[in-house]
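*Asks:* how does the following fold in three dimensions:
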Amino acid sequence: MSTEPYLDADPSAQTGAATPTNARKVFIKTYGCQMNVYDSDRMSDALSRDGYVATETMQDADLVLINTCHIREKAAEKVYSQLGRLREMKKARAAEGREFMIGVTGCVAQAEGEEILRRAPAVDVVIGPQTYHRLPEALKRAKAGERVVDTEYALEDKFSHLPRAEEARTRSRGVTAFLTVQEGCDKFCTFCVVPYTRGSEVSRPLAQVMEEARNLVSAGVRELTLLGQNVNAWHGKDEAGRELTLGDLLYRLAEIPGLARLRYTTSHPRDMDERLIAAHRDLRLLMPYLHLPVQSGSDRILKAMNRRHTAEDYVALIRRIRAARPDIALSGDFIVGFPGETEEDFEDTLRLIQEVGYAQAFSFKYSIRPGTPGAELEDQVDEDVKSARLERLQALLLRQQQAFNESRIGMEFDILLEKPGRLEGQLIGRSPWLQSVNVTGRADEIGSLVRVRIESTGANSLFGTRI
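*Replies:* Here you go, the predicted model:
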């Protein structure tokens, strides 16, 4: 599992419906990867059946859910700090005679379980990422006086509990959407907690994926991003019982009328097969942007990480992908200061970055994740050394990102208009390479593909003119 870009998202646009004045309100605070964003939406879906509506303001909520991530250092402590503030809100509500419930969900919930209830008595419900479809029932038990912990891996298929087509159409989340097709990871990289918090690799059946995709497109979604801890390990069977891979799934999804764009994340290099590479060659709907983490450029460190590929394996794979799709942009993940990393190992990583050339990348200092094999390794790298290496690595990655953005100046391509900009008469669209592009436009054009010419770059976006 790669270290995903770390989000801190409030539940905006959970529903487009008006809020009944007597409805119970839920506020969901989401930390972590895109999978957690998807899970938060699904929890909102499950609760909507039970009479809850989403709110963007925590102070208005009758129920607050903290959807947690365990990837980053001191993730659990951040959760407990948040819960301390919520405890005071709960006391104030109790003094007013008003109900206020607190739930912890996600990977910290899975890892900590009963410990959360012990350290934070104000918490009513702890739900792991495999059981969020049971959240409404858990809340009913909590209202009856039980403090609920549900972190067992569910025997039933949680995805079968998603809303049906007619419900999905009433809760469009805009013109782009995440769609989880795979969960869990069997790779057991020594730095990663995902196999312990998300479980082993599980793929959603083809029929379920296709149904949800069609529902989203019918609700106005133009771009789908397929999600998985190791998304290119997805596999399934077609109607005739033939084995399918992620590449086959992308070909199927590309046939849905009204769908304009496809993306997927996050991939493992060992599961990047020829069918998937062919999809990048053949499908114009599949955007030329690939997040393919390598973590290190040192074979010695890659072996210690249990990545099961070498730096040359990775570079050779990139060559094959670029041969199939010459305009593809690469994104990656890098961990500096893994136990035993020497200056020579770090220089190997810098050389790999120079050779590959990244449009964007996410980089982190190694932090011990309790319960992982990496936590038991000796020769931990000093914190000041990790910080210095991270600064050097990020400077190189920033130069590459800036160079890639500047290479778009003068280019003409389609962008998908997604939302209003900060200025009057401005819209923000997304380039094929996932960059934000600022252009003039009207609100009723959101969801349209428009042709632009890029005139300049900003710190985090491009500026274009309409053609």
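
*Asks:* for the stretch 1-150 of the chain, give me the ranges with low pLDDT.
*Replies:* Per-residue confidence of the stretch 1-150 of the chain (counting by pLDDT under 70) places the weak regions at 1-22, 71-75.

*Asks:* burial of Arg85, as a residue count?
*Replies:* 10 (other Cβ atoms under 10 Å). Every residue, glycine included, has its C-beta placed from N, CA and C.

*Asks:* could you do Gly371 as well?
*Replies:* That count, for Gly371 with other Cβ under 10 Å as the rule, works out to 13.

*Asks:* surely it and Val194 touch.
*Replies:* No: the pair Gly371 and Val194 does not pass the contact test of Cβ atoms under 8 Å, sitting 11.4 Å apart.

*Asks:* which parts of stretch 309-322 are buried?
*Replies:* When burial is assessed from 16 or more other Cβ atoms under 10 Å, stretch 309-322 yields the following buried residues: His309, Ala311, Asp313, Tyr314, Leu317, Ile318, Ile321, Arg322.

*Asks:* so which of those sit within strands?
*Replies:* Counted as lying in strands by DSSP state E, out of these, is not a single one.

*Asks:* distance of the nearest residue to Ile256 once chain neighbours are set aside relative to Arg430?
*Replies:* With Cβ to Cβ, 6 or more residues apart in numbering as the criterion, Ile256 has its nearest non-adjacent residue at 5.5 Å, and that residue is Val217. Separation of Val217 from Arg430 (Cβ to Cβ, to the nearest Å) stands at 17 Å.

*Asks:* comparing the two, which residue is more hemmed in?
*Replies:* Arg430 (22 against 19).

*Asks:* ramachandran angles for that one?
*Replies:* As for Arg430, its main-chain torsions (degrees, to the nearest 10) stand at phi -120, psi 130.

*Asks:* ok, it to Thr176 distance?
*Replies:* With distances taken as Cβ to Cβ, Arg430 is found 8 Å from Thr176.

*Asks:* what's the overlap in contacts for these two?
*Replies:* By Cβ atoms under 8 Å, 6 or more residues apart in numbering, Arg430 and Thr176 have these common neighbours: Glu223, Leu416, Glu418.

*Asks:* what does the pLDDT read for the second one?
*Replies:* In this case it means Leu416. Among the per-residue scores, Leu416 shows a pLDDT of 97.

*Asks:* please name the bridge partners of it.
*Replies:* In this structure, Leu416 has the following beta-bridge partners (DSSP bridges): Arg430, Leu449.

*Asks:* distance of it from Glu88?
*Replies:* For Leu416, the distance to Glu88 under the criterion Cβ to Cβ works out to 43 Å.

*Asks:* okay, these two: which has more neighbours?
*Replies:* In terms of neighbours (other Cβ under 10 Å), Leu416 is the more surrounded of Leu416 and Glu88; the figures are 21 against 10.

*Asks:* list the contacts of that one.
*Replies:* Neighbour list for Leu416: Val175, Thr176, Arg222, Glu223, Ala260, Arg261, Gly429, Arg430, Gly447, Ser448, Leu449 [criterion: Cβ under 8 Å, 6+ apart].

*Asks:* ok, now Leu179?
*Replies:* Tyr38, Val209, Glu212, Ala213, Leu216, Leu224, Thr225, Leu226, Leu227.

*Asks:* mind redoing it with 7 Å?
*Replies:* Listed by Cβ atoms under 7 Å, 6 or more residues apart in numbering, the contact partners of Leu179 are Val209, Glu212, Ala213, Leu216, Leu224, Leu226, Leu227.

*Asks:* so the third one lies in a helix, does it not?
*Replies:* Yes: the assignment for Ala213, made by DSSP: H, G, I helix; E, B strand; the rest coil, places it in a helix.

*Asks:* what about it, distance to Leu449?
*Replies:* Computed with Cβ to Cβ, the distance linking Ala213 and Leu449 is 18 Å.

*Asks:* of the two, who's got more company?
*Replies:* Legend: neighbour count by other Cβ under 10 Å for Ala213 and Leu449, higher for Ala213 (22 against 15).

*Asks:* confidence score at that one?
*Replies:* Per-residue confidence (pLDDT) for Ala213: 95.
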